[in-house]
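> Give me a model of this one.
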Amino acid sequence: MTHETEEILHECEKNMQEWYYGVIRDMNPVQKGRIGMERGEGADLLKKAGIIASLRGMERDKLASAALWLYEGGIHALEIPLNTVGAYYLIKDLRKQLPKKALIGAGAVLDVADAKAALEAGASFLFAPGTDKKVIQFGREENIPVYAGAVTPTEVIKAWKYGAGGVRLFPAASLGAAYAAEIRNELGHIPLVAAGGIGRAQAADYIRAGCDAVSIDCHAIIHSLDGADAVRMASELAMEVQGAIRPLAGMPV
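Predicted coordinates for the structure are as follows:
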């Protein structure tokens, strides 16, 4: 299959998903706050989680199992990038399979159409690669936190002024934990999630640098593991991140 053919099929699937969720919305309108939350509340929940597992690049038939292993291991915030085949259906399925307290978010949210479809599927938060004012405003209207992608202090401030629930520092691994720390020193009132290329070895460094949470690709967490081994690996990573959080929060280690 050529690259052009894959792009056409992806666009067709997206259009079908938008149509499907549009029908659902017309049949049963979404009430504000049904699955949403206030700006500060969303930030607090992700900060408490400490780590978000991005299920990017997972094969569809393994994704649900991986999500369950991660959750059992103590990683309760999961991200489904919308450029994953069948992303909206996966969000909807995971919302049914995982406990209600699980945070299931949508990543790679490019526009309002993406945001609407993700909300209808049951997303708890939205990760955008850039700072789109319309997407952020949609999140405010629907009480669903939007974490806008940003690199520079100017972009971080702009996202916050637009009403973002927080900022997704991307690509964090290229920028480094020291860069994140400098951003926090100047703009400590803005919730910050580090994302992009962060592995297990660096995760706690970004927490110590002042980030509220870190986003790590699922492959960097469980690799080719499954079952009990995957749960154990997820548990170890969750404990490492929480171990970095506790002293910063004034809690006993």
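> going forward, measure contacts between C-alpha atoms and count neighbours the same way
Noted.
> Quick one: low-confidence residue ranges for the stretch 51-200 of the chain.
Residue ranges of the stretch 51-200 of the chain with pLDDT under 70: none are present.
> In stretch 108-119, which residues are buried?
Buried residues in stretch 108-119, counted by 16 or more other CA atoms under 10 Å: 108, 109, 110, 111, 112, 114, 115, 116, 117, 118, 119.
> Any chance of TSV for these, columns distance to residue 54?
Output for the buried residues of stretch 108-119, formatted as TSV (distance: CA to CA, whole Å):
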residue	distance to residue 54
108	11
109	14
110	17
111	20
112	21
114	17
115	17
116	20
117	19
118	15
119	18
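> got CSV for those residues, with secondary structure too?
Listed next are the buried residues of stretch 108-119 as CSV, based on DSSP: H, G, I helix; E, B strand; the rest coil:
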residue, secondary structure
108, coil
109, coil
110, coil
111, coil
112, helix
114, helix
115, helix
116, helix
117, helix
118, helix
119, helix
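> and which of the residues you listed is nearest residue 144?
Lowest distance from residue 144 to the buried residues of stretch 108-119 (CA to CA) belongs to residue 119, with 8.0 Å.
> Return the residues in contact with the closest one.
Contact partners of residue 119, counting by CA atoms under 8 Å, 6 or more residues apart in numbering, are absent.
> how much space between it and residue 135?
12 Å (CA to CA, to the nearest Å).
> any chance you could map the strands in the stretch 101-250 of the chain?
Per DSSP state E, counting those that start in this stretch, the stretch 101-250 of the chain carries strands over the ranges 103-107, 126-127, 146-150, 166-169, 192-195, 213-217.
> Dump those to CSV, plus mean neighbour count and distance to residue 244.
Converted to CSV, the strands of the stretch 101-250 of the chain look like this (neighbours: other CA atoms under 10 Å; distance: least, CA to CA, whole Å):
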stretch, mean neighbour count, distance to residue 244
strand 103-107, 26, 21
strand 126-127, 26, 24
strand 146-150, 29, 22
strand 166-169, 28, 19
strand 192-195, 29, 15
strand 213-217, 26, 11
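> okay, those in CSV with distance to residue 238 next?
Shown next, in CSV, are the strands of the stretch 101-250 of the chain (distance: least, CA to CA, whole Å):
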stretch, distance to residue 238
strand 103-107, 15
strand 126-127, 21
strand 146-150, 21
strand 166-169, 20
strand 192-195, 16
strand 213-217, 11
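> Need the three-state assignment for the residue positioned nearest the centre of the chain.
Centroid-nearest residue in the chain: residue 79, 4.1 Å away (criterion: CA atoms, centre = their mean). Under three-state DSSP, residue 79 falls in the strand class.
> Verify the stated contact: it with residue 58.
No: taking contacts as CA atoms under 8 Å, residue 79 lies outside contact range of residue 58: 11.7 Å.
> Give the bridge partners for the residue nearest to the centre of the chain, please.
Residue 79 has these beta-bridge partners by DSSP bridges: residue 54, residue 105.
> To what extent is the nearest residue to residue 208 once chain neighbours are set aside buried, counted in neighbours?
Nearest non-adjacent residue to residue 208, counting by CA to CA, 6 or more residues apart in numbering: residue 244, 6.2 Å away. Counted by other CA atoms under 10 Å, the residues lying close to residue 244 total 19.
> Closest to residue 90 out of the buried residues of stretch 108-119?
The nearest one, if we look at those relative to residue 90 and count by CA to CA, is residue 118, at 10.4 Å.
> residue ranges of the helices in the stretch 51-200 of the chain, please?
60-72, 87-97, 112-121, 133-142, 153-162, 172-175, 177-186, 200-208 (DSSP state H, counting those that start in this stretch).
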